[in-house]
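> Can you look at this prediction? I've put the sequence above it.
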Amino acid sequence: MKPEIEVERRAGMITGASCGHVSLIWLPGDGRHGVRTWVLSTDSGGTIRRIRLSPGEIGCLAGILQTIANEGGRDDEPVG
């Protein structure tokens, strides 16, 4: 069974999401061409990264989070 994805929204915009032990939180700021910066982290705090997603990639959040959660947040394999 796949972990359930919880999405956070404010004013209709996705501002964060979590799946299993992985969370993705938006850092508000002045992104160019609609690109937003996100912080990807695990519950244990062991892996923290900043990633940038364009508006077209925002819809991929569910797949990104499920892939990471299913892989256990390993650093040695590509995501997506």
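Here it is on my side, so go on.
> who touches the residue positioned nearest the centre of the chain in this structure?
For the chain, the residue sitting closest to the mean C-alpha position, by Cα atoms, centre = their mean, is Leu24 at 3.4 Å. By Cβ atoms under 8 Å, 6 or more residues apart in numbering, the residues touching Leu24 are 16-18, 38-40, 51, 61, 64-65. Quick note: C-beta positions are derived from backbone N, CA and C, even for glycine.
> and which of these is nearest to Gly29?
Distance to Gly29 across those (Cβ to Cβ) is lowest for Trp38, with 10.8 Å.
> surely that closest one meets Leu53?
Yes - because the distance of 6.1 Å satisfies Cβ atoms under 8 Å, Trp38 is recorded as touching Leu53.
> Counting neighbours, go ahead and name the busier of those two.
Trp38 (23 against 20; other Cβ atoms under 10 Å).
> ok now do that one, which residues does it touch?
Per Cβ under 8 Å, 6+ apart, neighbours of Trp38: 24-27, 50-53.
> beta partners of it?
Taking DSSP bridges, one obtains Trp26, Ile51 as the residues bridged to Trp38.
> related to what we said a few turns ago, now, of the contacts of Trp38, which are buried?
24, 26, 53 (16 or more other Cβ atoms under 10 Å).
> Could you pull out the strands in the protein for me?
Remark: strands assigned in the chain by DSSP state E are 5-10, 13-19, 22-27, 36-42, 48-53.
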